[in-house]
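Q: after the sequence you'll find the predicted model.
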Amino acid sequence: MSAALDAFIAGLAATSPLEAASVILGIAYSVLAVRRSRWCWVSGGISSAILVYLFARARLPMQSALQMFYVAMSAYGFRSWVRHEKEADSVVTTWPIPAHLVAWLVILALSAVSSRWLAEETGAAWPFLDSVTTWASLVATWLVVRMKLENWLYWIAIDLVLTYLCAAQQLPFVGLLYATYLGISVVGFVAWLKTYRRQARSG
């Protein structure tokens, strides 16, 4: 236990200012998203922009490209939420079940292809789970932009898997971060569900 704690403290001490800033801004994004504040996209966009550089420097081009997508979605999300606020239409809605089924069929199909490539070309430890969480994250981000209630259920599943993967790969600090995201996602779902039900009653 002491060795694990020492390793965790050493990991914290080795964290660069840029990495720490990205983590703080990433958590701020989640908290602001729960409150449906458009500024979540600014915080998330800056966090992802930092990660674009960090992942590129670490020679992780796929992760760097994923963060570029997040930066673009942050700009789109901010613009979309500002428009909703101006139109007094900042409401939480749901996605039809058939749409979710189609989305997951696509996610699983893409994951089957990308996980095979990862296994053959990179020797990844968890190619399928890594792929599923990546593709599902893209869908979840789009659901956040559209203010769909179910986005939080996607993030709960994603963060749960990523917390496990980080623990399995002996990355306790990163695992703790995803565990934090997991808790925020649960709070987000409960908060948005209350808003959705209140809007349904008033509508």
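A: Looks like it arrived, so ask away.
Q: what's the average pLDDT for stretch 113-124?
A: Mean pLDDT, computed over stretch 113-124, is 83.
Q: pull the helix or strand with minimum mean pLDDT from this protein.
A: Lowest mean confidence among the helices and strands of the chain (mean pLDDT, DSSP states H and E): helix 2-13, at a mean of 57.
Q: after it comes which helix or strand?
A: With elements assigned by DSSP states H and E, the helix or strand that comes after helix 2-13 is helix 17-34.
Q: contacts for that next one, please.
A: Residues from elsewhere that reach helix 17-34 (CB atoms under 8 Å, 6 or more residues apart in numbering): 15, 39-41, 43-44, 46-47, 50-51, 53-54, 144, 177, 180-181, 184-185, 187-188, 191-192. No exception for glycine: its C-beta is placed from N, CA and C like everyone else's.
Q: ok, residue 16 - how many residues close by?
A: 10 (other CB atoms under 10 Å).
Q: and the gap between it and residue 54?
A: From residue 16 over to residue 54 the distance is 8 Å, taken as CB to CB, to the nearest Å.
Q: same thing with residue 70?
A: In terms of CB to CB, residue 70 sits 13 Å off from residue 54.
Q: the longest helix seen in the chain - contacts with which helices or strands?
A: The residue-count maximum for a helix in the chain (DSSP state H) belongs to helix 172-202. In terms of contacts (3 or more CB pairs under 8 Å, 6 or more residues apart in numbering; DSSP states H and E), helix 172-202 is packed against helix 2-13, helix 17-34, helix 151-168.
Q: break this protein into its domains for me.
A: With domains defined by automatic domain parsing, the chain comprises 1-90, 94-203.
Q: quick check: the residue most central in space within the chain vs residue 30, distance?
A: Compute the mean C-alpha point of the chain, and by CA atoms, centre = their mean the closest residue is residue 137, 5.6 Å away. According to CB to CB, residue 137 stands 13 Å off from residue 30.
Q: if we can go back for a sec, let me see the contact set for the residue nearest to the centre of the chain.
A: Counting by CB under 8 Å, 6+ apart, residue 137 touches 66, 154, 158.
Q: between those residues, which is nearest residue 199?
A: Distances from residue 199 to the contacts of residue 137, taken as CB to CB, are shortest for residue 154 (20.8 Å).
Q: buried set for the host helix or strand of residue 120?
A: Counting by DSSP H and E, the element that carries residue 120 is helix 97-121. For helix 97-121, the buried set under the neighbour-count rule, 16 or more other CB atoms under 10 Å, comprises 100, 103-104, 107, 110-111, 114-115, 118.
Q: quick one, phi psi at the residue nearest to the centre of the chain?
A: phi -60, psi -40 (degrees, to the nearest 10).
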